[in-house]
Every structure is written in C-alpha cells, then in structure tokens.
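Trainee: The sequence isn't on hand, but the structure is:
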C-alpha cells in the first residue's frame, strides 16, 4: 500500500498524460497510445476468462447481465471516454480520471473515442460532436452522423433502458438529436443538463452501424432487435466469433479497428457458474482471468506465484432495501434502528475478509460530490432500541429478508444480521431467492427487505442519487420518497454549474443518510484476479473489463 | 407390534417377547447398533436444547470458520455458528419432517391401497375407481422423483409443511402397491369370506379383518422409508428448495459449506453429512430387523436357533 | 411371435401414458408461482409488451387449451424455449441429456460391478466376514447422501491428494471437445480418434461415476443376495447339489434365475437416476439434464421442466421395454 494520498496520485497520473501529449480535448488521440507498453511480438495470443455467465443477450437496450457488460464493451464504442490514470492504491492497475476538473470542458477529463472533437454549450443546452472519418464497423460500413442519430432514435422507439439514458441527459424527443453533416451530430435540449458529455462515456450508449441494422431488420423489425440480440453491428475493437449461451462466447480482435488491432487476438469468455470453480481454473492456469470471486477465495490466491490479485475501490455498493411502502419501514426511526443494529465491522471481517469497505454513504465513495460519514451508524444497540421504542415498536416486530442464492456473501450477511436483530426484538425470516428470478423479486418491490448490489455507472452525484432516491426513478426499489430530496435532485438535473450541483448533492445526501432508506452494508470493491503475465488492466466505473486494455508480458 | 400377524406370540405375554427381543439383539449386534443409533438420534432431537453447547442459529462472526477443536468440537461455519450444536439440533427438523411425511404417505397409501385391493375384483364402480387410482399412481411414479418433489415444494411455497407434503406424495404409491398386494391375497381368505357372508359391512371387514393382518410389511417399510425421507429432506435443502437458512438441518448445512471444500474448509459440510449418513444407516438397520422379526418363517428359524443356544422361545 | 405381440401391446399404451404424464406435469408446473412473461421480458417490460407476449405464449387461454397447444407443438418436435438460456429446449436437452446418460450409465455399470459379485458371494457364504461386510455395505451405501459422498471424494482425491481433475464439468478446459455425434464424450472422442479428449473426459468421469456406483451398488447387492439366496434354498438347487453338481455350477444356476430381479432393480435405478443424479451433477458442475430441470423449477422456467419430464419418461419406458426383452431372452419358458 502506498502512503501517497489519492490527490497526489491523481496529479501524477495527469502528468503522465501531459507527457504522452494526449491532454488536448478533441485531439485525435488514439486511446491505445496510453496502453502499457504493448508486446506486439505476442500478437496471436488468446485470453481465456472464467465468468459467472455468458451474455444473456447482446442488446444493451434490454439486458443488464454481467456477461452483456463485457460483450458490449468489446463489440461497441461510444463517442467519448474518460482519460485513464494509474490507480492511486494499486500501481499495476489503471482507472478512469473521473474527478472534477474546473479547467476542462464540462469539468471532465475526456478523450475522443468515435468523436474526434466536441463542443459544449457553457449553459449546457447543446453539445456538438465531430466524428472521426474512415471508422469502419465490423461489417465494413463507415461511421456517419446517421449512425449516431439512428442509435438514439432506437432508444426513443424501444423505450426500456434507452429511455432512461434519454431522460437523464435531458433528451425528450428524437428531434433533439440532429445530423449536422455527414460527420457532425449535435444534441440540443430545452433545459440545461449537466450530463450532456458524461452520458457519452457510458458503456450503454454505444453507437450502432445503422446500415447493417436496417438491412437485417427490414420492415419487419425496424430496430433490428432479433439481429442485435445475437449479433453485433458496431465500431468496437472486437467482433463476435461465436456465442453458445451457457457455455462460451468468443471474441476476435478486429484488424481494421480504428484504434489499431488490440494486442489480445482472441478472447474466450467461458461460463463457469460457481466461483469455487473459477478460482480452481485460475490456480491451475487454465484461464487468464477469474471474475467475481468470493473473499475467501481471493485470499487463497494471494500467495500464488503465477497469479496477481488487485483490489481497487469501485462503484459497486451492496445494501438492503428497506421498503418504505411497507409497515414498519415507513417510519424513518425504524430504518435508523435497523442500521444501528447492523454489525457492519463484523461483516467486514467475517464475510468480506477485509477486502471491502463499510458503506458510509449513499453513493459510490470514488465519485465527485460524495459527502460520506454524514451520519454515524456504527453498531449501537442502545440507540437502536431507543429508536424502535420511539417509533412505537419497542417490542420489536417480525419481517423477512430476501437474498440472492447466487451471491454467496448475502447468506452469511443475512444470518449475521438475523442474529444481531434478535437483540432488539426484531425477528428476521430469511428468504432465499433463486438467482434467475432474484432481479424480478427486487423490481417487484413486494419484499419488506431485500439485498441489492448495484453501481451507478455515470460518475456523477446527480446521476447516482437520482437513480436510487428520486421518488419517480425506476431503480428506487426501496420506494423512498422525500419531497425535499426530489426537489434538490430536480435542481441538480437542471443546472450545469458544477459548484452549485456539488452543494445540492451534499444537502441531498445529508437528508438521505439521516432517513436511511437502506441498511448500509458495504463497498465490496473490485478485485481483478489474473495471471501474472497479463498486464494493462483498467478499472471502469461500469465494472467491466475491456479486453483491448490487456497485453501479455 | 410387528408380530401382530403371529397370533400365538400375542397370547404368550409381553415379558417373554421382550426376552426374545433382547436375545435377538444379542445374537444380531447390527440390530442392536441400529436401535442404539435411532434411540440416540431421537434422544438428541428431544434434548438438543440442553445438550448443545451453543445456540444453533446464533452467528458469532468473530469466530468464523474455526477448525474443529476446543471449544468448537466440530468447528464453526462461515458466520461463526457452532457446527456441533447445529448437528445436534438438526434431527429435530429432519426427523420431524421425515416421520410426518412418511406417516402421512403411509396413511394415504395404505387407505387407498386397502380400498383398491378390496374393490379391484368387484365389478362396477369400485373396479373403475380402483383402476383409476392405479393408473394415477403409474403416472405419478413415472415422474423423476426428485424433480417432482422440488416442483411440489415450488407449488406449495417453501415451508416445512410443503416438504412434508412433497415427501408424502412421493412415497404414497409405494404403500399403495404394498397394501394392495397384501389385501388382494387376504381378501380371498376364509375368515374374510365368512365375515362377508355374515353380512358385515365392507368398511368393517376392511378395518377389522383385512388391514390389521396386512400391516406387517408396511411397518417394515416405514423404518426404511423414514431414513430415505431424511435423505430426501436433506437433498431438497441442499438444492435450496428445503428448509430456510439458518435452520439447523443437515442438508442445508452441507450446502452452506460445500463451496468452501475446495479452499480446504471441509468441516462445515463433512460433519453434518456424517451425522446424516449415520442416522439413515440406523433406520435401515431397524428396518431390516423388523423385516426379519415380522417374517414368520425367519422368526421361527431364529427362535429355533436361539432355543438350542439359550433355551428362549418366542 | 409372442414377443412381437407383447411388444405391440406395450407400445400401444405408451402414447396415452405419455400424454397422461405430460398433462399432469403441465398442470403441476402451471401452478408454480411466477409469471413467465415478466421473467422473460425482464425489468424493463412495458405493460403492452407483457400483454403481447402473454397472447403469444397463449397465457391468456385456459389451461386445457394451453395444454392442447403445447401438445400440438410437441408432436411437431417443438418443446418451446427456455427463457433462461433463450434456446429451444430440444437443443438444450440434446446437449445435456447425453451428459446425464453417460454419467448414469457408467455409474450403474460400476454399481453392477460392485454389487453383483458381492451379492453372490454374500449369498454363497452365509456366515463370515465377507457376508457381514456385504450386509453392512448394502445398508451403508443406501444411507449415504450421494451429494455428500461426492464432496468427500472431491476433498480427498482433488483437494488433498490432487489425483483427480477439478470437479468442473465433463472435460478439461484446454481440451477441445470432439464433434458431437452421440453427445457422450467418451464415445465421440473415440469416433474422432481424439485421445486427448478421451483421456480428459474419462478422468472427469471417475469421481462422479464412482459416487453413483458406490451408492447404487447397495440396492443391487441386496437384491442379488436376497434372490440368489432364495434360489439356493429352493428345491432345484438342493436337487442339483444332491446330484453332486459342483457348488460353482449350482451358484451360477441360481444367479441365472435371480437375474430378472436384478435387471428389474437396475432398470428402476436407471429411471430414478435420470432425475436423481442431479445432486451429483451439481457437485461436479456436470451441466446435465437434471440440473437443467431443477433450475427450471426454481426459476419458473417451465418448458425445460416439461421437456425433461418428457425425455425421461420416454427413456424410462424405453428402458422398461428393453428389460422386458431381456426377460424374454433369459427365461427359456418364453422361447
């Protein structure tokens, strides 16, 4: 571990960028220039990844499975990306520079992916992108402004996830996205919006090859849903070679990728459902990366000579939704009591083996605008009992806690919590939900208490807080409703002034933390477990790996 | 009880029967072992709250995954619960489910079996009904047992009652067939015909003359079946369709610990499995002892042998 | 000729039996809570989309109508799709059923190899260590939970000794599996002449097959011993012995007469294990049909469950048919 502070490292990281001459926003900087020294001699190498599941579908408008994330990043590119820096804690890893930069356009440090340069209205009412010329899709069609337009038209037409992205970036109708000329596209909105640029770094706003999609879909299926579900038509670094759901997906590096052919030639993405199995494969050297391991398994890898383990702070959070629409969680005092009765420290050591950090806020602690530690919910049974009595539940109550059978940390946390709650008279019945229908149980909003793991992908306080605490947000699974919070979040969404927004964010977080719509559990962090000779791993706030970052040696 | 069929034994009084029983145990140590195991498991189930050193559902995260030793004889699991205490508490759940489920299946199965066996050779509605029951049993038995049981639990919702019901459903056809065969052969016996000729109503004939005389194989089956039901309960829990965590139950304990076996933490799942195996083993030994004792021919042979050795007669 | 007419009669009953089984399972899975339309469309479904999908799936009709539609599709070889794998059930099962069959078949062969000789030996020597051992083994094998025995074997032979390959499926990761012909890896790799695949597949089979074999040897042993013993006690054996035939011949004769019951128990075990091996499949990450069906039940994915029930019912009936054929071959009276 380093003794340098995060800020110092960030500075260092930025200096590294300066040296490589890629700082100019809008400069035609190849993202690969930044990559670790690449061993082209090793071209033709294959990387095998043991993952919990192959992609359910390849259509990011509908699917949010873990496998889909990895696939989308490989098959598609968006307009922009955050610049990358050395991780302040782990020198072998890199991460995005998501800090607020007053001197940069829109306050963000970005490089162009499909966009060559861009302009932003200081008021935040429009953004204009000049696309790179000569960028080819995996079907040989050149990228034009029409492709960007079609992509957003599709989001408008199909609703679902795309509707969410249009909404947060202030787009209300397809006409908001305008083709200026062959290579220029602009986004024009009615109200100022702070996310006009950031939204285009998002993993789930990739650009489609509209020509291919139109051909495949025809008039039957104008948005090519059938085609995109199982194939790809994009401008990303890899193309899909094979996909057998439940077994494996194979990705092949594209020779004609605009950023140069990735170092890893082929990526075999294998489905290995149990984490114990994935660990064994990495130990035995059969795979290069084992994803999503359990804390004990990660610990067991630490002394192996041929394996490297890197744990970095991430946007992941794990919490328990306290359903405010159900008795007795409609009373903030009950929710507070449940937080005071949660033995967070013990969970950190027994379940997470010290690999996680306590969740001390209601948004990722790595994001700009994170307040943190506004309310101290450390284990305090006295206080918990007091609050319960105040809420009229001095004798406790009975309720159920639902957890995901597919996430091995949830059951032990649930059991430890059950024991702890017994102390304040709360009888917890545990309900194990099969992994396949767990998400359904969450979105149903009918469980009084249910675990949830999520990460808001856009490193922005307004985005993160709105997602979980705006009373109209779909992802507000705890049915939390506070008019003042709604008002603050609404204000944040309507101004591009970063200073004002950060101030609003702090106020909103203070209210949310005080009212405790969740039981705050942990930041589980992100652990990369890989073979030692694989380098270049970069952590993204979308918590997926991008195959093009890696190289051997 | 197992000797109900042998009218002679009943007349000779309890103390002699006990002496015979003890003598059998002495010559068949495996039977004694079986009874000892079952007795011990039942006693543990009853006295678990006083015997177990720790509460069975209380996590102690400070002491997670302690290897077997002192004070945790069998170690602790990932949440710090004492495995020894949980292993001791488990038969409460496992045995109650298995015994209730088995009894229920025997009740359903033998009742239907008696009716089917009695009415099968009668023309008319009775025969039709009997045929229908048998064909239904065929269909039920054609199901893959395990998938059937999980589906039943899924339909009824995950609770103890559902597991009991699933076990009852899955086992009922066994008793149905067993009873039917018995009743069909007894039905043609003279004393049954006599009762019928004397104008006794059907239900009394079945209740008084047929069922009591057809029960012996059912009783032998019961003990074996209880063991088997314990296995099924554990298997359901192992898959996640059984009891809720952290209820102390052998199958769910194995499931909670099995991912850790490859990282070398063997104790959370090996000990409960051992307890499970020993219990089922005990019940099968008891089952085979009942089988021997309730078979008149084997009983007589046994008695003859004992008489020559020790001078004890049934 | 008797054989043929018998077979004809049997086959005549197969179709209604299958329909009956399908109907009951259809009713059963329909009762499993969970709306397939919601699960299929996921969290971002619109009410319109849900309604459309429900109509498409026929969920707005009565159960009987739905069943008739399903039956119609089945006759055309369409078992529907699984929302979890998004694949047709037929192609999912084409992959997974052979995996289960390979495992179960080999497991039962091992069980026979253990149970049959032990059973005969137990019947032949009524006292002594061998008999006691056989007795205890028979009872103990029936008492062991198979999934637990699998775990113990994994711990001993993989974690501790490192002799067995990791319990992670049917073939080594790095080995390219042979082109599927039968779906059974051992056979397919032989056909392809791929020795590396054969060795790897065989290595992965050892522990799960041993688990099933050790446990299912129990009932086979008990049945063999009981019937052989009865045959040895019967008049024809006594007569043969009195005639001075060697003991060996007498035992062989008794065994031959005991074989029908042994075959029966094997066929019953076979039918049971198609779904019952699921726990062993889970422990060894086998990816078999049982696992597929259980996941289907747990996640309200109905088509895989029905498909599995259908496949295993057909297979069970087929096995019983073979058993009957074997009876004809063994029993000289039928010839």
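Mentor: Arrived safely. Note that this is a predicted model, so its numbers are computed, not measured. Numbers count the residues shown, from 1 in each chain, chains lettered A, B, ... in the order given.
Trainee: can we go C-alpha only for contacts and neighbour counts from here?
Mentor: OK.
Trainee: Find the centremost residue of chain B, please.
Mentor: Centroid-nearest residue in chain B: residue B:226, 1.4 Å away (criterion: CA atoms, centre = their mean).
Trainee: Could you tell me which residues make contact with it?
Mentor: Going by CA atoms under 8 Å, 6 or more residues apart in numbering or on different chains, residue B:226 touches B:95, B:98-99, B:102, B:280, B:283.
Trainee: and which of those residues is nearest to chain C?
Mentor: Checking those against chain C by CA to the nearest CA gives residue B:280 as the nearest, at 4.9 Å.
Trainee: where's the closest one relative to residue A:313, distance?
Mentor: For residue B:280, the distance to residue A:313 equals 49 Å [CA to CA, to the nearest Å].
Trainee: ok, those two, which is more surrounded?
Mentor: Set residue B:280 next to residue A:313 and count neighbours by other CA atoms under 10 Å in any protein chain shown: residue B:280 wins out with 29 against 23.
Trainee: Any buried residues in the strand or helix carrying the residue nearest to the centre of chain B, and which?
Mentor: Element membership of residue B:226 [criterion: DSSP states H and E] is helix B:216-239. Neighbour counts over helix B:216-239 (16 or more other CA atoms under 10 Å in any protein chain shown) mark B:216-239 as buried.
Trainee: number of nearby residues for residue A:357?
Mentor: Using other CA under 10 Å, residue A:357 has 19 other residues around it.
Trainee: Repeat that for the one 4 residues further on.
Mentor: Per other CA under 10 Å, the neighbour tally for residue A:361 reads 24.
Trainee: most surrounded residue in the contacts of residue B:226?
Mentor: residue B:102 (31 neighbours).
Trainee: Could I get the contacting residues of that one?
Mentor: Taking CA under 8 Å, 6+ apart, one finds B:167-168, B:171, B:222, B:225-226, B:229 in contact with residue B:102.
Trainee: is the worst-scoring helix or strand of chain C on mean pLDDT up against chain A anywhere?
Mentor: Using mean pLDDT, DSSP states H and E, helix C:36-41 stands out as the lowest-scoring helix or strand of chain C, at a mean of 75. Yes: with CA under 8 Å from any CA of the partner chain as the criterion, chain A is reached by helix C:36-41 at C:38-39.
Trainee: quick one: buried residues of that helix?
Mentor: For helix C:36-41, the neighbour count (16+ other CA under 10 Å) marks C:36-41 as buried.
Trainee: Residues touching that helix, excluding its own?
Mentor: The contact list for helix C:36-41 (CA under 8 Å, 6+ apart) reads A:437, A:440, C:45, C:50, C:53-54, C:83-84, C:300-302.
Trainee: need the residues of the stretch 201-335 of chain C near chain B, please.
Mentor: C:271-272, C:274-276, C:279, C:290, C:293-294, C:297-298, C:309, C:312-313, C:316.
Trainee: Report the separation between the two terminal residues of stretch B:197-209.
Mentor: End-to-end distance of stretch B:197-209: 14 Å, with CA to CA as the criterion.
Trainee: what's it in contact with?
Mentor: If you take CA under 8 Å, 6+ apart as the criterion, stretch B:197-209 is touched by B:114-115, B:118, B:192, B:195-196.
Trainee: Just say helix, strand or coil for residue B:48.
Mentor: With DSSP: H, G, I helix; E, B strand; the rest coil as the basis, residue B:48 sits in helix.
Trainee: any idea how far the helix holding residue B:226 is from the chain center?
Mentor: From the chain centre to the centre of helix B:216-239 is a distance of 5 Å (CA atoms, centre = their mean, to the nearest Å).
Trainee: after that helix comes which helix or strand?
Mentor: Trace forward from helix B:216-239 with DSSP H and E and the next one is helix B:250-258.
Trainee: Does that next one pack against any helices or strands, and if so which?
Mentor: Using 3 or more CA pairs under 8 Å, 6 or more residues apart in numbering or on different chains; DSSP states H and E as the contact test, the elements touching helix B:250-258 are helix B:83-119, helix B:216-239, helix B:267-294.
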